[in-house]
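> Quick check, what structure comes out for this input:
(one chain, ligands or ions: 1)
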Amino acid sequence: MKLKNINITQLLKKYAIRPTKGLGQNFLIDDSALKKIVAAADVSSNDVVLEIGPGLGSLTRYLAAAAKSVVAVEIDKALLGPFAEVVKPFGNIKIINRDILKVDLAELFGVKNYLVVANIPYYITSALLRHLLESKSNPSRIVLTVQKEVAMRICEKPGNMSLLALSVQVFGEPSIVAKIPAGAFYPAPNVDSAVVRIDLFDKPKIEKEELDLFFKIIKAGFSQKRKMLRNTLSSGMSWGKEKTEKLLKDVDIDPSRRAQTLSMDEWGEIVKSVKQ
Ligand code: SAM
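Below is the predicted model of the structure:
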């Protein structure tokens, strides 16, 4: 895919725009990074893509060239002018000037299959993941450029699990598919970034009706990372020590283990055993 380079700094100058730090405005200026992201997302001509925070449209152009259509949700009105200029040659892009966290995805996409591909503002990473994963209208695949450390945390394995890793891994399988150096952005952020791809399962690993219970249990488990499950769960869930020990032993989990050592499936076993 050969697209003419756009000069982001010139464009910002022309429209008298200064990147807003508070909105996470670090624009991708490196075409090889943009190509990497689109390739990692496996975008094809049948795909409808949701892009969050299109900014000046540098990623949007590559997505529009590869996909059937792109829906781009941008909060900053000031960027709409240069964005329109950049994406003018494409007729398959719809821009929505709103805060993505306030957009009802089920209303926007209904039962339509769609992908999410975005270089996101880092300040909304956790809230955005929840918004996308817990929506009634899930994307089938999510490919996000995020801080490298966050990408690594999302993909952790038992031994280093966290609330964030479990909140993603209950809905899909994450993997790091590319690294993006700070120099690929303008202005350059203080940290390196990585592209994390989450392939969503057909249905979450926990039954929909039990997701609230699952989140309550893992929050209790991780409330004091150094403490054993027999303590964190008995106090956080108000189960008492005896019931907690029995619940854990019934599913072959040693009550002296700590939350970060459990796999997603082991948490699933705990939820099942509570429901019995
Ligand atoms: N996609 C562009 C690129 O790669 O050059 C810009 C990425 S920049 C990291 C993040 C973008 O998200 C900015 O354009 C910012 O204005 C926008 N943004 C920040 N908060 C947002 C929100 N809550 N909803 C939608 N867009 C948001």
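
> Now do the same contact list for Lys243.
By Cβ atoms under 8 Å, 6 or more residues apart in numbering, the contact list for Lys243 reads Ser234. Just so you know, the C-beta spots here come from the backbone N, C-alpha and C atoms, and that holds for glycine as well.

> That one - that's part of a helix, no?
Yes - assessed with DSSP: H, G, I helix; E, B strand; the rest coil, Lys243 lies in a helix.

> Distance check, it against Ser234.
Applying Cβ to Cβ, to the nearest Å, the value for Lys243 to Ser234 is 7 Å.

> Read off the pLDDT value for the closest residue to the ligand within the chain.
Residue nearest to the ligand within the chain: Gly53 (2.0 Å; Cβ to the nearest ligand atom). As summarised for this prediction, Gly53 has a pLDDT of 98.

> And for Gln276?
So Gln276 comes in at 78 (pLDDT).

> now do Tyr114
97.

> which non-adjacent residue is nearest the residue nearest the centre of the chain?
Nearest to the mean C-alpha position of the chain, by Cα atoms, centre = their mean, lies Leu129 at 4.0 Å. Nearest residue to Leu129 in three dimensions, chain neighbours excluded: Val168, at 6.2 Å (Cβ to Cβ, 6 or more residues apart in numbering).

> list the contacts for that neighbour?
Counted by Cβ under 8 Å, 6+ apart, Val168 has contacts 129, 133, 154, 174, 198.

> Can you tell me the element the fourth one falls in?
Looking back up the chat, that one is Pro174. strand 172-180 (DSSP states H and E).

> Please report the distance of the residue of the chain most remote from its centre from Pro255.
For the chain, the largest distance from the centre (Cα atoms, centre = their mean) belongs to Glu242, which lies 38.1 Å off. Using Cβ to Cβ, we find Glu242 at a distance of 11 Å from Pro255.

> for the residue nearest to Phe215 when sequence neighbours are not counted, helix, strand, or coil?
The shortest distance from Phe215 to any non-neighbouring residue, by Cβ to Cβ, 6+ apart, is to Ser167 (7.5 Å). At Ser167 the chain is in helix, as set by three-state DSSP.

> Quick check: Ser167 touching Leu129?
Yes - the pair formed by Ser167 and Leu129 meets the contact definition of Cβ atoms under 8 Å, at 6.9 Å.

> Please tell me I have it right and Lys241 contacts Ser234.
Yes - taking contacts as Cβ under 8 Å, Lys241 lies within contact range of Ser234: 4.8 Å.

> Which one of these two is surrounded by more residues?
Ser234 (21 against 13; other Cβ atoms under 10 Å).

> Can you tell me, leaving aside adjacent residues, what's nearest to that one?
Of all residues not flanking Ser234 in the chain, Thr244 sits nearest, at 4.1 Å (Cβ to Cβ, 6+ apart).

> now Ala165
Glu156 (4.4 Å).

> Where does that neighbour sit: helix, strand or coil?
coil.

> rewinding a little: am I right that the residue nearest to the centre of the chain is in a strand?
No - residue state for Leu129 (three-state DSSP) corresponds to helix; a strand is not indicated.

> Where do the helices of the stretch 1-150 of the chain begin and end?
8-14, 31-40, 58-66, 80-87, 105-109, 125-133, 148-154 (DSSP state H, counting those that start in this stretch).

> Could you do the stretch 151-276 of the chain as well?
Here the stretch 151-276 of the chain has its helices, by DSSP H, counting those that start in this stretch, at 163-169, 211-221, 229-236, 241-250, 264-275.

> what does the average pLDDT come to for the first one?
Translated: helix 163-169. Mean pLDDT, computed over helix 163-169, is 97.
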